[in-house]
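Participant: This is the structure alone, sequence omitted:
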DNA sequence: GTCGGTCAAGTCGAT
DNA sequence: ATCGACTTGACCGAC
């Protein structure tokens, strides 16, 4: 028997005026003559983003969802070089505390997917330093929310730089330059153009990093289409020392031509075929729904799965495979 | 109210 | 060479 929990990403298509990713560009920041006033505006935006996150969590819990990925754009310009003197955490204490209380009270699993500028296998020093800075921000936010930062940020391996083998070894080299607290944050995901499941497993096993399997990416980028089945036990093995249950990403191709793009919703038949293959291999698995329609896609998937062969619904966002 | 252009950051594939 | 996509837009000004 395996318990499956569904989560969704960053924002709701149902809640109005609830963006957790409101922003201010550097250009807009500079246009405000009074720098202190401009910083206060940044802080107002960040506070509003965090308050909207709390609304999103409440909306989620009201619908049985306890698994959620935060936007990584909560604090506009947080790591901009011209704003290195801005101590943004100071102004965010209260909204972070409110999130902390709600997350604990409802035993939520929350995490991040830092954006694609975070590259751990780059040979460019500045890019690596900026990546470290961005990861540190994520760690600080997690601590502010009272969440143990271990395995809360999923990243891609990075760029191929015209030599994938060399790029993998560069990752290992750079890993040694990361502070331990940041190493602990990280999970790695197979990507849809460069680093396959097999490539990613190589790093995860060598460095002790949990692997977040993305089935859609695998279908877009594989050595053998079915090899995920032979590698599945290895994927499970990368979670052996994690305090959290294994997690994976679920999405469906938009269409044949735009195969890599996310569809509005999830194809339930394909998802169930996948689930029936992994049934019983783990006691619990958390599936992050990556679909254009966000929470609506989760609710629709849940409806579609109800009554399907081998599925026993527990509530709107979790079910048993039996 | 809707549409098009714009906005910090890196890399890749498509054109 | 340039552009859009990526993992998740949002905002502003023109109409």
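Facilitator: Sure thing, it's come through. No experiment lies behind these values; they were computed from the predicted model shown.

Participant: and the top helix by length along chain A, which residues are buried?
Facilitator: What stands out as the longest helix in chain A, according to DSSP state H, is helix A:35-62. The neighbour-count check on helix A:35-62 (16 or more other CB atoms under 10 Å) flags A:38-39, A:41-43, A:45-54, A:56-57, A:59-61 as buried. Placement of C-beta: from N, CA and C, glycine included.

Participant: just stretch A:3-17 next, same as before
Facilitator: A:3, A:4, A:5, A:6, A:7, A:8, A:9, A:10, A:11, A:12.

Participant: quick one: which of those residues is nearest DNA strand B?
Facilitator: Closest to DNA strand B out of the buried residues of stretch A:3-17 is residue A:10 (14.1 Å), distances taken as CB to the nearest atom of the strand.

Participant: With adjacent residues omitted, what lies nearest to that closest one?
Facilitator: Nearest non-adjacent residue to residue A:10, counting by CB to CB, 6 or more residues apart in numbering: residue A:71, 4.3 Å away.

Participant: isn't there a strand covering residue A:126?
Facilitator: No: remark: residue A:126 does not belong to a strand; assigned using DSSP: H, G, I helix; E, B strand; the rest coil, it is helix.

Participant: ok, so what distance separates it from residue A:72?
Facilitator: 20 Å (CB to CB, to the nearest Å).

Participant: same question, residue A:218
Facilitator: 23 Å.

Participant: for residue A:277, same thing?
Facilitator: Taking CB to CB, one finds residue A:277 at 32 Å from residue A:72.

Participant: and if you look at residue A:100?
Facilitator: 19 Å.

Participant: re the thing from before, between residue A:126 and residue A:72, who's got more neighbours?
Facilitator: Remark: of residue A:126 and residue A:72, residue A:72 carries more neighbours, 21 against 9, as counted by other CB atoms under 10 Å.

Participant: Run a quick check on that one versus residue A:115, I expect a contact.
Facilitator: Yes: the pair residue A:72 / residue A:115 is scored as a contact, 5.4 Å apart, by CB atoms under 8 Å.

Participant: Please tell me the pLDDT value assigned to residue A:116.
Facilitator: Residue A:116 is assigned 88 on the pLDDT scale.

Participant: With adjacent residues omitted, what lies nearest to it?
Facilitator: residue A:156 (7.2 Å).

Participant: So for that neighbour, what pLDDT did the model give?
Facilitator: 94.

Participant: ok, it touching residue A:187?
Facilitator: No: counting by CB under 8 Å, residue A:156 sits too far from residue A:187 to count as a contact (10.6 Å).

Participant: one step back: show me what the residue nearest to residue A:116 is bridged to.
Facilitator: For residue A:156, the beta-bridge partners are residue A:189 (DSSP bridges).

Participant: rewinding a little: ok, then the element right after the longest helix of chain A?
Facilitator: strand A:67-70 (DSSP states H and E).

Participant: Who are the packing partners of the helix or strand following that following strand?
Facilitator: Note on strand A:67-70: by DSSP H and E, the next helix or strand toward the C-terminus is helix A:88-91. Contact analysis of helix A:88-91 by 3 or more CB pairs under 8 Å, 6 or more residues apart in numbering; DSSP states H and E lists helix A:35-62 as its packing neighbours.

Participant: pLDDT of the helix it packs on, averaged?
Facilitator: 93.
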